[in-house]
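Enquirer: Starting from these lines, generate the structure:
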Amino acid sequence: MDTADSPLTYRDATDADVDALVALIESAYRGDASRAGWTTEADILEGQRTDPQGVLEVVKAPDSRLLTVERDGRIVACCQLEHREAHAYFGMFAVSPALQGAGLGKAIIAEAERQARATWGVTEMHMTVISVREDLIAWYERRGYRRTGETTPFPYGDERFGIPQRDDLRFELLVKPLCVTRRGGH
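Expert: Numbering: from 1, shown residues only. All right, here's what the predicted structure looks like:
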């Protein structure tokens, strides 16, 4: 039985998880199903958010992990962690729309930050968010991320990222300093 207080378990994704992860990511961001949660991009982007090849590339990439989050044996969330020198990149974050708004995202991002610090000793987490997603950016700001004002263009014309419904989309870099704890003088 799936209960809201069942513990979350974290593991790295495998090839066998790809289809379930694509379905999860799509459900959190695209189409009518995504409207059940607050992370939907259905009003600004149509088409796909990712595809099996894109997810598999993250699973297989060196210095990259696709953290898979399960509750009661079911995949309920995921996020990408990628080691990039002194920082980690956080991406491909998705929580099942039916479970959004219950604190899962907050717990998962905290665990992702903890794992990035523990695994790679990084001092910052970076992410990019579509700049018009003010509600989502505000949520990340409440988690300690800050807007940098640094933007990169949205890949218009590349339908692997979706079909834009407006012409003012770009990605903004958000950054959070991570405290690296040292134990026993190591």
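
Enquirer: residues in contact with V55?
Expert: If you count contacts by CB atoms under 8 Å, 6 or more residues apart in numbering, V55 has them with 13, 18, 21-22, 25, 66, 92. Bear in mind the C-beta positions are built from the backbone N, C-alpha and C, glycine included.

Enquirer: hmm, 7 Å instead?
Expert: Contacts here follow CB atoms under 7 Å, 6 or more residues apart in numbering; on that basis V55 touches 18, 21-22, 66.

Enquirer: Let's see which of those residues end up in helices.
Expert: Within the contacts of V55, residues falling in helices by DSSP state H are 18, 21-22.

Enquirer: quick check, nearest of the residues you listed to L81?
Expert: Using CB to CB, L21 comes nearest to L81 of the ones in helices among the contacts of V55, at 14.1 Å.

Enquirer: could you redo the ones in helices among the contacts of V55 as CSV and give each row pLDDT?
Expert: Output for the ones in helices among the contacts of V55, formatted as CSV (pLDDT from 0 to 100):
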residue, pLDDT
V18, 94
L21, 94
V22, 88
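
Enquirer: Can you redo the contacts of V55 as JSON lines, where the extra columns are neighbour count and distance to E159?
Expert: JSON lines is the format used below for the contacts of V55 (neighbours: other CB atoms under 10 Å; distance: CB to CB, whole Å):
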{"residue": "V18", "neighbour count": "19", "distance to E159": "20"}
{"residue": "L21", "neighbour count": "23", "distance to E159": "20"}
{"residue": "V22", "neighbour count": "20", "distance to E159": "15"}
{"residue": "L66", "neighbour count": "25", "distance to E159": "22"}
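
Enquirer: out of those residues, who's nearest S96?
Expert: If you rank the contacts of V55 by distance to S96 using CB to CB, L21 comes first, at 11.5 Å.

Enquirer: center of this protein - which residue?
Expert: In the chain, the centroid-proximal residue (CA atoms, centre = their mean) is F93; its distance is 1.6 Å.

Enquirer: For beta bridges, what are the partners of the residue nearest to that residue when sequence neighbours are not counted?
Expert: Nearest non-adjacent residue to F93, counting by CB to CB, 6 or more residues apart in numbering: C79, 4.3 Å away. Counting by DSSP bridges, C79 is bridged to L67.
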